[in-house]
Each structure stands twice: as C-alpha cells, then as structure tokens.
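K.L.:
Just need the structure, nothing else, for what follows:
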Amino acid sequence: MYIDFHKYNYELVPADQRADYLHRDQESYKNVIRLWIEENIERIIERKWEISEIHYLKNISDFIKLIREAEQLYELGFYTGCISLIGVASEDFLKFLSINLGKPQYEDLTQYVRLNNLKSDNLISDSTHSLLDNIRLIRNDCLHYNQNFKLKTENELKIDALTALNNLKDTLKSILGDNSPLPDSDFISIITGIGSGDDIRNTDEMAVKVKNAVSHLLKFPIAFDPSTKMQVRSIIAKIVEIDISFNEMTLQDLSNGHSVIVEFPEAEQLFYEGKSLEENDIVFATIFSIIDQNGLTAEWKILDIDKKNVESRL
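P.N.:
Model (predicted):
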C-alpha cells in the first residue's frame, strides 16, 4: 500500500482562509523535517565520513553535478537514488573520457563495450576497468529492478551505494587528479571556487572547506587541538588603521609583518581613547581570540594595549 496524505483537503476551507491553513501546515511540516534530521544527524554524519574525497579537479563536465547529488542522497540514506545517479554519472564520465582520449566513436556504444574497447586500446588500466565495471553491474541490478535487487536489505543497498560512489570518485581522482606541485594561481582559484560554489549551504560550511583545503593543499596544520579553547598573544605592532565607527583597529605584527584586525568593546572605548593611540604608533598589545567550533581563531579582541614610547612613531 502506498499512502500519500501530506496535504490537507483545502477544498473544505473557505477560500479566504486557505492561505492561513496552508501556512500553518507548512510550518508543521518544517517541524517534522527538523525532528527527522535531529533523530538521524549522527548517522548522516557517519555516512558523510565514509565517502572518499577527491579534493579538487580542474577538468570536469556535467557528471560532477550528478556525483554531488548522489553524495547528498547517500548521506541522507537514500541508497537506490544514489546508485541510479552514480550509474548515469559513470556513463557520462566514460563518454567524456573517450572523447578526450581521441575516441569519440565510442560515445554511442554501450558502457560494457565502451569499457572493454578502452581497456583493449590500453587507454585505461585494469584497475580503472574493474572499478567502473563494478559500478555498471550495480547500476544494472538497480535500474532493471529485478527480484534480486528487490530482496536486498537496507545494509546491502548501503554497501552497493557506497561501493559505486567511492569507485567513481577514486577513478576520477586517479585519472583527472593532479599530484604535481600546486601553483599559487590554482590555490587562489580553489579558495575562490569554495566561496562561489553552488553546493555551499552557508558561510559555516565555507569556513570548514577553506580550513580543510589549506590543511591538504598547503600541508599546514591550520586547526588547533580540540582541547585548546583560546589563543592569547602579546605582540609589538604598528597601528595601521583605527576605525572608531566599527570599534576596531588593524595591527601589523612587526615580528612577521602579518596584519590582524582587532576589536575593542564599545563599552571600553573611552578607556582606549584615553591612551591617545594614533595610526602609525608602535605599541605593545595583548590580543586574544576564542577558538570556534572548527578549531580556528574567531574575532581577535584587545586585552591590553600601550604605546611603546613617545618616539616610536613611524
């Protein structure tokens, strides 16, 4: 039996009240979704960490859109949809690869024949052939929806979906990935791409991806140990700019040349004004930042600041 009663019978409601009924029911359904996510959040996160990572690819085509959507389906536990999309993405990728390898005549062949021809031509490795052929078999089992597929348990479907998804991502990484030293221009493009990506849900996710990109691409341990809750630093710095309207100033650490924007509380503005600080002053400053949920420093704030001496203006 298929039961589909998601919406009230609004024909029973006077026309001038239907909008109110509709709004109430939509708000109620929002709560249903929130509760479902809360109840399943741990499993969603676990599944996210089971998915292989490519990190970045320069040369892509439309198949990447399908992979992104398949990843989201897997995270949410929709395994049949994930398998279907990966099957389509795998075929589209192999057509893309055939064309780029100078074999456009393979585009109209079946996936089985296309795979075997590329292998026979020594254009793909045995490993790549095996990974993609495994996806083909899982996909056929799913799309033909035969009795064997219908009898699969939830866990068996999960294994199939993850196998297909990771097989394709591992293939893309090995064929299209680039292990050569990263040019500065590529790093900038990646960071810019994170900010402008249409798959970014919010600014929190953007910060997470930038942190992770820096750790992988620059091999730089940007995140603090989870036990670290605050960073406090004492520096000798030059005041580059004072912005009273935003209760902040820009300090340049003279030991390394790095600049940092620091805030001073509005309630303490008179205290800092009493120090007669001016742009280009050299100061001793103690600043602090609370470590956020991503292990990164958040806003820097002034704990104390004083001029080094009267003659130290630059």
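
K.L.:
can you tell me how far Asn9 sits from Tyr21?
P.N.:
Relative to Tyr21, Asn9 is positioned 10 Å away (CB to CB, to the nearest Å). For every residue, glycine as well, the C-beta is placed using N, CA and C.

K.L.:
Which strands or helices does the host helix or strand of Val210 pack on?
P.N.:
According to DSSP states H and E, Val210 maps onto helix 203-217. Helix 203-217 sits against helix 184-196, with contacts defined as 3 or more CB pairs under 8 Å, 6 or more residues apart in numbering; DSSP states H and E.

K.L.:
and the helix it packs on, what does it pack onto?
P.N.:
helix 203-217.

K.L.:
where does the spatially closest residue to Pro226 that is not a sequence neighbour sit relative to His55, distance-wise?
P.N.:
Spatially, and ignoring its direct neighbours in sequence, Pro226 is nearest to Gly295 (6.7 Å; CB to CB, 6 or more residues apart in numbering). According to CB to CB, Gly295 stands 19 Å off from His55.

K.L.:
Compare neighbour counts for those two and give me the winner.
P.N.:
Comparing Gly295 with His55 by other CB atoms under 10 Å, the one with more neighbours is Gly295, at 15 against 12.

K.L.:
pretty sure the more buried one contacts Ala223?
P.N.:
Yes: here Gly295 reaches Ala223: they are 3.5 Å apart, a contact under CB atoms under 8 Å.

K.L.:
residues making contact with stretch 213-231?
P.N.:
Applying CB atoms under 8 Å, 6 or more residues apart in numbering, the external contacts of stretch 213-231 come out as 55-56, 182, 187, 190-191, 194, 211, 288-291, 294-297.

K.L.:
cool, stretch 53-65 as well?
P.N.:
89-90, 92-93, 96, 100, 169, 172-173, 176-178, 186, 190, 213, 216-217.

K.L.:
at 10 Å what do you get?
P.N.:
67, 85-86, 88-97, 99-100, 166, 168-178, 182, 186-187, 189-190, 193-194, 198-199, 212-213, 216-217 (CB atoms under 10 Å, 6 or more residues apart in numbering).
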